[in-house]
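Student: sequence plus predicted model, see below.
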Amino acid sequence: MVRKISKIPPLFFAVSGAVCLYYLPPILTGRGLPWAVPLLAAAALLTALISFCRALGSLPAACIGAGARRLSGRFAVCLGFLGAGLFLGAGARIAASAGTRLGLAGERIAGIAGKLSEDPRLVADGRGMGKIELEYVRGKGGLRVSARGGVAVFFPDEALAGLRSFGRGSGIYVEGDLLGGREGPLFRARAVHITEEAPALERFRTTLRLKLAEKFSRRKWGGLSMALLLGMRDNLDTQLAQSYKNAGCAHVLALSGMHLAIVSAILAFFLRKPLGLRAAAVTGALFIIAYVFLVGVQPSLARSAIMYILGALSLLGAFPRKASFLLASAFLLQLLIWPSSGDSLSFILSYLALAGILFTGEALHGLFRGALPELLSQPLSASIGAFAATSPVTAAFFGLVQVSGVFAGLVIVPLTTLFMLASMAEPFLSLVPVLGEAADRALSLLYLALESLVGAAARIPPLRISAALPVIFLSALAACAAHLLGSRLAARRNRLDPFS
């Protein structure tokens, strides 16, 4: 058992420490306990364990064997990684908890000013919404006070078009009323004033987004294309978006690993032969950075981009070429760069889904091998692995588990991927009228097929869950069973293969 534990990669301990001290403090403070208590306890325990390992390693050779000495050194390294993870998690939690500093009581604030930190968008009730990174607030008596942090703003309908044309990075001053919110302050604007143009690069980005959006908005299927390619849901049919959610396939519409996988696969197809594997990977990484800049940094998309960049560096020999190492490194880097993103549900689900695919999904794939066709066993095992890892979170946040999504995704995800590929090709095919018309018809048919399939899957009722604990227990049990059976089956195959 000790030897098995010693084989766990040290980075796993860093991730475990970061997770504990990032997500545990809010739970403790919610119950009235000071969150510094677990930090001090972890520091004391860690110091004692490292000291113990160092003491073992310093014993004379007559008292301790070479194997035990190496084992104690290994444990000391793992504990060092655990300490680094605890430090990172605590720092990220403190940074994420810093929150917004207004400088005035909410009822005294008449206006706020700052930079648009994200693209204005339509929300469910038809209103415009965006986020301002604060520079100052103005009181009702004219008093101006410095402020910091971000505030979500509801804009008047008539101001939304103008805000979109100026885009992210513009200086803005809004007058209105400050509202309370569970996730931070909200501001309802009555009047909007643009005080400064965005930088040249941001203006180029905004112009490109608007031109692409204008082109796609002319088509019935354009709203779905804009959502999949640019993350813009303003023209997406609300009924279709709700159907994706009810079918357990909402992740398909959120820009994430699937979308970057498609983009990177296309890049690899066109660049690998002329440039070679390494040069194509570096060029692809630069393109991915440009793509993320175009669509905007979103937690699940940032995770995928970081993993792709680390993967490109691994081809150059900078990192081990192992998916679990890239996932753990991406988690720590993202928490370090964007501490507040760790509180995002899409961040949590994105990492859990991929972890489920890599660990439980791979174990299930070994079990299904030979029993099911490879074309079915690979996506099915990945879908079950992601479902097992994410269902406790969806049960805790939404009180339901959509089991049908495991099987609906086997059809909906490939069809949506095909739709996305066709949407990417359509602007180029439309340069030739005949090809453009054919692409339009194909996309219209794909859109109708998706509407029907997603609508049918959405009608399957989910399981209503009153408590998340049983789901956590069942998910953990299923994951352990998959690994146990998978390891036994692999051992049996290894014994039989030489005689086959």
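Tutor: Received the coordinates, thanks.
Student: would you map the strands across the stretch 51-200 of the chain?
Tutor: Assigned by DSSP state E, counting those that start in this stretch, the stretch 51-200 of the chain shows strands spanning 109-116, 121-122, 128-139, 144-146, 150-155, 171-179, 186-196.
Student: out of those, which gets the lowest mean score?
Tutor: Lowest mean pLDDT within the strands of the stretch 51-200 of the chain: strand 121-122, at a mean of 78.
Student: ok so, going back, in JSON lines: the strands of the stretch 51-200 of the chain, plus mean neighbour count.
Tutor: Quick note: C-beta positions are derived from backbone N, CA and C, even for glycine. What follows is those, written out as JSON lines (neighbours: other Cβ atoms under 10 Å):
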{"stretch": "strand 109-116", "mean neighbour count": "21"}
{"stretch": "strand 121-122", "mean neighbour count": "18"}
{"stretch": "strand 128-139", "mean neighbour count": "20"}
{"stretch": "strand 144-146", "mean neighbour count": "13"}
{"stretch": "strand 150-155", "mean neighbour count": "21"}
{"stretch": "strand 171-179", "mean neighbour count": "19"}
{"stretch": "strand 186-196", "mean neighbour count": "16"}
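Student: so which of the ones you listed comes closest to residue 242?
Tutor: Closest to residue 242 of these, according to Cβ to Cβ: strand 121-122, at 15.0 Å.
Student: rewinding a little: need the strands of the stretch 51-200 of the chain in TSV with distance to residue 266, can you?
Tutor: Formatted as TSV, those follow (distance: least, Cβ to Cβ, whole Å):
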stretch	distance to residue 266
strand 109-116	31
strand 121-122	27
strand 128-139	31
strand 144-146	46
strand 150-155	34
strand 171-179	36
strand 186-196	37
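Student: which one, of these, ends up nearest to residue 486?
Tutor: strand 121-122 (43.5 Å).
Student: for the closest one, name the packing helices and strands.
Tutor: Counting contacts by 3 or more Cβ pairs under 8 Å, 6 or more residues apart in numbering; DSSP states H and E, strand 121-122 packs against strand 128-139.
Student: give me the contact list for the strand it packs on.
Tutor: Residues from elsewhere that reach strand 128-139, judged by Cβ atoms under 8 Å, 6 or more residues apart in numbering: 100, 102-104, 108-123, 144-157, 159-160, 163, 172, 174, 187.
Student: how about the strands of the stretch 51-200 of the chain, which one is nearest residue 75?
Tutor: Closest approach to residue 75 among the strands of the stretch 51-200 of the chain (Cβ to Cβ): strand 150-155, 42.1 Å.
Student: who touches residue 330 in this structure?
Tutor: Counting by Cβ under 8 Å, 6+ apart, residue 330 touches 303, 306-307, 310.
Student: ok, now residue 233?
Tutor: By Cβ under 8 Å, 6+ apart, the residues touching residue 233 are 121-122, 223, 226-227, 241, 253.
Student: make it 7 Å
Tutor: By Cβ atoms under 7 Å, 6 or more residues apart in numbering, residue 233 lies in contact with 227, 241.
Student: using the three-state scheme, assign it.
Tutor: Three-state assignment for residue 233 (DSSP: H, G, I helix; E, B strand; the rest coil): coil.
Student: same question for the one 3 residues further on.
Tutor: At residue 236 the chain is in coil, as set by three-state DSSP.
Student: contacts only, for it.
Tutor: Residue 236 makes contact with 223-224, 227, according to Cβ under 7 Å, 6+ apart.
Student: domains in the chain, by residue range?
Tutor: The chain breaks down by automatic domain parsing into domains covering 2-97, 106-198, 210-343+399-466.
Student: brilliant, that's me finished.
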